[in-house]
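Q: This is a predicted model, with the sequence first.
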Amino acid sequence: MNDKDKFETIILGINKNVIRVLIGIMTLSLILGTSKLLYLEVSKIILHPYLLVDISTLFEVFNLILIIAIGYELVRSLILIISSDTIPAIPIIQIAIIAVSNKIITLDIKQTNVNTLIGLAMLIAALGLAYFLMKCSQRKQ
């Protein structure tokens, strides 16, 4: 094994360990986020008026759920990156679609200008097209 191969092996090993640390941090964040979500739901349900949740709480809950879902998908993608030598493009595009969708769902239309809306629309269209093309090329292989 020459010096270049040793160097690449060392760098790849360091990178994989960094990704393992990131997975640990993300997993802890998912656990804490889920705990916060449960606390928020229980505290809102038991307060007077009982079993009634207002719209602002629903937005906060849905936002937390979407963020936790994005985090879960990110952890899955990081595990895929560790377990293979290639970067899994399709799961990363899926995460991007979920993240942009989260932004669109929680966006306050009244406070957003037209350029931002057009940009988000173009971004979601580009991600959808990229996902479609990658799935098509994957099926042909």
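A: Sure, I can see it. Note that the structure is predicted; figures quoted are calculated from it, not measured.

Q: For the longest helix along the chain, which helices and strands make contact with it?
A: When the chain is parsed with DSSP state H, its longest helix is helix 3-46. Contact partners of helix 3-46 among helices and strands, from 3 or more C-beta pairs under 8 Å, 6 or more residues apart in numbering; DSSP states H and E: helix 55-83. All C-beta atoms are positioned from the backbone trio N, CA, C, and that covers glycine.

Q: Just want the angle from the longest helix of the chain to helix 55-83.
A: Helix 3-46 runs at 160 degrees relative to helix 55-83, counting by axes from the mean of the first three to the mean of the last three C-alpha atoms, to 10 degrees.

Q: Run the chain-centre distance for helix 3-46.
A: With C-alpha atoms, centre = their mean, to the nearest Å as the basis, helix 3-46 stands 12 Å off its chain's centre.

Q: Stretch 106-125 now?
A: Stretch 106-125 has its average C-alpha position 19 Å from the chain's average C-alpha position, going by C-alpha atoms, centre = their mean.

Q: who's in contact with it?
A: Phe59, Phe62, Asn63, Leu66, Ile97, Val100, Ser101, Lys103, Ile104 (C-beta atoms under 8 Å, 6 or more residues apart in numbering).
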